[in-house]
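[1] Could you look at this predicted model? Sequence included:
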Amino acid sequence: MLEAINTWDDYRAKVREFDAVLEHGKAVSAALAGEVNAAPHARYGEQIFVKLLSHCLALRSLMADPQRRTGRELWDLPSLCALARCVVEVHDAFEYIAGHPLTDAERAFRISLWELHDQTRMLKLLGDLPAAEPRAAHTREAVERLKAAVQGDAFFASLPPRLQEELRNRLARNDPPAFHLSLRQRCALSGVNAERHHAVTSQLAQHVHTLPSAMHELATFNGGAPEALRLLAMPLLSVLPFLVRVIQAADTLTPWHPPHPPSRTARTMAAWRALAEQAPLPAA
């Protein structure tokens, strides 16, 4: 999709596509809000979805104004890429907790493991506090409770022996993973091409870090050149397939029919959703 950007008009058209998808996402989020009787995975799903939309709104606010042609100016590409990287990570968490079609048993196991990973990290951050300090004591109790829940879970006992052993070793080291599946396995369940996922996150990370190639690109590109416009649009367009997929997965969390996107937005979403399923083009 980046190759379609050659002029400011092309850039403006892609930003409008993002805006339309984001507006529909906000409408779906509003429909999800306030469902007090939702299952735990659905409540988490709503919260994760709101986090994703917040990142996307912040990302959009940092984009160059599509209504104003600009020359060379200070574009905060690293911040754009950092926010875009966060969107991809939110997509991954949403799918693991609320998106994948699962049995109730596996869903409960995933949530317990995810919460254990979180509370264990929190306990390490609180390591300098006295053991009797209320927050530290509460977190330690949560870790022990969740560890017992994970190890005693019937779904845990159904996992392949090698994976069980790996998880037990990590629990013994107080290093539980957030996910019991590899990224490739999670991509397969999400319908996302694992190579595309890797390509997107690697490209975004390249600009988040302070590296020579990233600085060279910013220093040498002319603001109106096609290469510069594509670079500027890259974070926005990188997250569009993941934003679309979470919006559509969030639809399933409501007990009633969520709002439908306008027909043009629906076509845009279908095109971007399909992109996530395709392997990236080989480098020239």
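    Happy to help now that I have it.

[2] Alpha carbons only: can I get the strand or helix carrying Thr120 in CSV?
    Assigned by DSSP states H and E, Thr120 belongs to helix 104-125. The C-alpha coordinates for helix 104-125 follow below in CSV (Å, rounded to 0.1, in the frame of the first residue of the first chain):
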residue,chain,number,x,y,z
ASP,A,104,-14.0,-21.7,28.6
ALA,A,105,-11.2,-23.9,30.2
GLU,A,106,-8.5,-22.5,27.9
ARG,A,107,-9.8,-19.0,28.2
ALA,A,108,-9.6,-19.1,32.0
PHE,A,109,-6.1,-20.6,31.9
ARG,A,110,-4.8,-17.8,29.5
ILE,A,111,-6.2,-15.1,31.8
SER,A,112,-4.6,-16.6,34.9
LEU,A,113,-1.2,-16.9,33.2
TRP,A,114,-1.5,-13.4,31.8
GLU,A,115,-2.4,-12.0,35.2
LEU,A,116,0.4,-14.0,36.9
HIS,A,117,3.0,-12.6,34.4
ASP,A,118,1.7,-9.1,35.3
GLN,A,119,1.7,-9.5,39.1
THR,A,120,5.2,-11.2,39.1
ARG,A,121,6.6,-8.2,37.2
MET,A,122,4.9,-5.8,39.7
LEU,A,123,6.4,-7.7,42.6
LYS,A,124,9.8,-7.3,41.2
LEU,A,125,9.3,-3.6,40.8
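
[3] residues making contact with the helix or strand following that helix?
    Next along the chain after helix 104-125, taking DSSP H and E as the criterion, comes helix 134-151. Helix 134-151 is touched from outside by 109, 112-113, 115-116, 119-120, 122-123, 126, 129-131, 156, 167-168, 171, 174, 176, with contacts defined as Cβ atoms under 8 Å, 6 or more residues apart in numbering. The way it works is simple: take the backbone N, C-alpha and C, and place the C-beta from them, glycine included.

[4] repeat that for 6 Å
    Applying Cβ atoms under 6 Å, 6 or more residues apart in numbering, the contact partners of helix 134-151 are Ser112, Leu113, Glu115, Leu116, Gln119, Thr120, Met122, Leu123, Leu126, Leu129, Leu171.

[5] cool, stretch 2-9 as well?
    Contacts to stretch 2-9, defined as Cβ under 6 Å, 6+ apart, come from residues Tyr11, Arg69, Pro226, Leu229, Arg230, Ala233.

[6] Start and end of that stretch, how far apart?
    Start-to-end span of stretch 2-9 (Cα to Cα, to the nearest Å) is 13 Å.

[7] can you pull the buried residues of that stretch?
    Using 16 or more other Cβ atoms under 10 Å as the test for burial, stretch 2-9 gives Ile5, Trp8.
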